[in-house]
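**Q** Sequence first, predicted coordinates after that:
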Amino acid sequence: MPKITFAAADGDTRTIEANIGDSVMETAVRNGIGGIVAECGGSLSCATCHVIVDEHDFASLPPMEEMEDEMLWGTAVDRAGTSRLSCQIRVTEGMDLGVTLPETQV
C-alpha cells in the first residue's frame, strides 16, 4: 500500500497509508494531519496545501503544470525548489513519499 510521511515544521513525523488515486492533500485531511488547510478543497485556487517534497522523491513525481507553478508564488512561506501543492500530487501504486509541511499555510 502507498505511504506518505508528513513531517511537521517542528520535526514531528507521521506516516499514513494512502489510497491510490487520492491526492496527498485528501490523504492529509482525511487523517487529521495538521498543517494542511486546503481552503479550496483541491480546486487549485489557493496555496494552503503547500508541501516541500523530499529531494529524493521529487524526481519521481510528474512535473507540475503551469497553474500549480503560478499558485506556488502565493504561498505564506516562500516556496522551495521542491515545493508542490499537495492537491496536485496523486497517490500511485508503490508510492513512498516524504513531504515537509511549512510553518504556516495562511
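**A** Ah, there it is. Residues are numbered from 1 along each chain as shown.

**Q** Look up how far residue 10 lies from the nearest residue to residue 16 once chain neighbours are set aside.
**A** Using CB to CB, 6 or more residues apart in numbering and skipping the chain neighbours, the partner closest in space to residue 16 is residue 31 (4.9 Å). Glycine gets a C-beta too; all of them are placed from N, C-alpha and C. Noted for residue 31: a distance of 18 Å to residue 10, by CB to CB, to the nearest Å.

**Q** the more surrounded of these two?
**A** The residue with more neighbours, out of residue 31 and residue 10 and counting by other CB atoms under 10 Å, is residue 31; that gives 14 against 8.

**Q** what pLDDT does the residue nearest to residue 16 get?
**A** Confidence per residue is given as pLDDT, and for residue 31 that number is 97.

**Q** Hmm, residue 17 and it touching each other?
**A** No - using CB atoms under 8 Å, residue 31 and residue 17 do not qualify as a contacting pair, with a distance of 9.1 Å.

**Q** So what's the model's average confidence on stretch 83-102?
**A** Per-residue pLDDT values over stretch 83-102 give a mean of 98.

**Q** Enumerate the positions of that stretch that are buried.
**A** 83-89, 91, 95, 97-102 (16 or more other CB atoms under 10 Å).

**Q** Over to stretch 38-47?
**A** The neighbour-count criterion (16+ other CB under 10 Å) identifies 38, 40, 42, 46, 47 as the buried residues of stretch 38-47.
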